[in-house]
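Asker: Sharing a sequence plus its predicted fold:
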Amino acid sequence: MDIWNTIVNWLHGIGVHLDKDTAQTVGQAADQVGQVANQMGHAMAQWDWGQLMALAAALGWASGFRLYAVVFVTGMLGATGWLPLPGALTVLQQPVILVISGALLFVEFFADKIPGVDSVWDAVQSVIRVPAGAALAASVFGADNATMATAAALMGGTLALSSQVAKTTTRAAINTSPEPFSNWGASLVEDGASIGAVWLAINHPVVFAVALAVVLVVMWIVTWTLWKFLKAVIRRVRRWMGYDEPVVPATSTEMQRF
């Protein structure tokens, strides 16, 4: 308010007069902006670069499994004051974001546990999770540090893609079994892993970095081993979108049989 009073007095000095109500309203708005800026600065001061990078990696990787859970839980941590969110992540604690992400989390929680429905849901969400993971990772640093935000976006998008591919491939293999219990188990593991990754990155960033490196190697081994199931999912999605399988022309030897 002191700065705003100085500006108002300066305007009076040059002949520009503001009515009392306008000056008070604008002054209050300026004071609120200043408080938000101070809170963001205080939040950033509590994080070192290692913690910020660990959080960015966790948000990107976990988004490939449970995007809406990550958004909702992170936003709730900020809204309740349990965790001062750094950078532009403060937008996640806005009521409208919490309501939307909470509703989508409710839908995803059940859709992900129904055999067949989970694969369709993953196929639809695949175009959302990767860019969202990149955006969340970049938001850790905000617009004030464009270089680190760009690096975090590339890292977050890559990690989201890795977890998304591993999830889709594993679920395609699990869906070959008619019983639903394996789907429920895999889904619950993903629920816990996505939230646990964010918690571990916040509290033990070094341990998270080591664990993430090990998990990435395991995920790529699993993806490579189950590649045929992923190709089956791709063919199923192509048919669902109306793309027919290419017809292989008959060879001359096969034609001579007729």
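Answerer: Alright, I've got the coordinates.
Asker: list the buried ones in the helix or strand harbouring V73?
Answerer: Using DSSP states H and E, V73 falls within helix 49-79. Neighbour-count burial for helix 49-79, with 16 or more other CB atoms under 10 Å as criterion, is recorded at 51-79. Placement of C-beta: from N, CA and C, glycine included.
Asker: doesn't M219 make contact with S162?
Answerer: Yes: counting by CB atoms under 8 Å, S162 touches M219, with 6.0 Å between them.
Asker: Which neighbours do these two have in common?
Answerer: Common contacts of S162 and M219 (CB atoms under 8 Å, 6 or more residues apart in numbering): none found.
Asker: Do a quick rundown of the helices in the stretch 101-250 of the chain.
Answerer: Taking DSSP state H, counting those that start in this stretch as the test, the helices found in the stretch 101-250 of the chain are 117-139, 146-174, 181-203, 205-225, 227-240.
Asker: what comes up buried for the longest one?
Answerer: Which is helix 146-174. 148-149, 151-153, 155-174.
Asker: Pipe the helices of the stretch 101-250 of the chain into CSV and attach mean pLDDT and distance to L83 per row.
Answerer: Formatted as CSV, those follow (pLDDT from 0 to 100; distance: least, CB to CB, whole Å):
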stretch, mean pLDDT, distance to L83
helix 117-139, 87, 14
helix 146-174, 87, 18
helix 181-203, 87, 7
helix 205-225, 90, 14
helix 227-240, 64, 36
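Asker: among these, which is nearest S101?
Answerer: Nearest to S101 among those is helix 117-139 (10.7 Å), distances taken as CB to CB.
Asker: May I see the buried residues of that closest one?
Answerer: Here helix 117-139 shows 118-119, 121-123, 125-126, 129-130, 132-139 as buried, counting by 16+ other CB under 10 Å.
Asker: Just the CA trace of that helix, in PDB.
Answerer: This file holds the C-alpha atoms of helix 117-139, laid out as PDB (Å, rounded to 0.1, in the frame of the first residue of the first chain):
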ATOM      1  CA  VAL A 117     -12.300 -50.000 -20.800                       C
ATOM      2  CA  ASP A 118      -8.900 -49.200 -19.400                       C
ATOM      3  CA  SER A 119      -7.200 -49.700 -22.800                       C
ATOM      4  CA  VAL A 120      -9.700 -47.400 -24.500                       C
ATOM      5  CA  TRP A 121      -9.300 -44.900 -21.800                       C
ATOM      6  CA  ASP A 122      -5.500 -45.000 -22.100                       C
ATOM      7  CA  ALA A 123      -5.700 -44.600 -25.900                       C
ATOM      8  CA  VAL A 124      -7.800 -41.500 -25.500                       C
ATOM      9  CA  GLN A 125      -5.700 -40.100 -22.700                       C
ATOM     10  CA  SER A 126      -2.400 -40.700 -24.500                       C
ATOM     11  CA  VAL A 127      -2.800 -37.500 -26.400                       C
ATOM     12  CA  ILE A 128      -3.300 -35.600 -23.200                       C
ATOM     13  CA  ARG A 129      -0.900 -37.100 -20.700                       C
ATOM     14  CA  VAL A 130       2.400 -36.400 -22.500                       C
ATOM     15  CA  PRO A 131       1.900 -32.600 -23.100                       C
ATOM     16  CA  ALA A 132       0.300 -32.300 -19.700                       C
ATOM     17  CA  GLY A 133       3.300 -33.900 -18.100                       C
ATOM     18  CA  ALA A 134       5.600 -31.500 -19.900                       C
ATOM     19  CA  ALA A 135       3.500 -28.500 -18.900                       C
ATOM     20  CA  LEU A 136       3.400 -29.600 -15.200                       C
ATOM     21  CA  ALA A 137       7.200 -30.100 -15.200                       C
ATOM     22  CA  ALA A 138       7.800 -26.700 -16.800                       C
ATOM     23  CA  SER A 139       5.400 -25.000 -14.300                       C
END
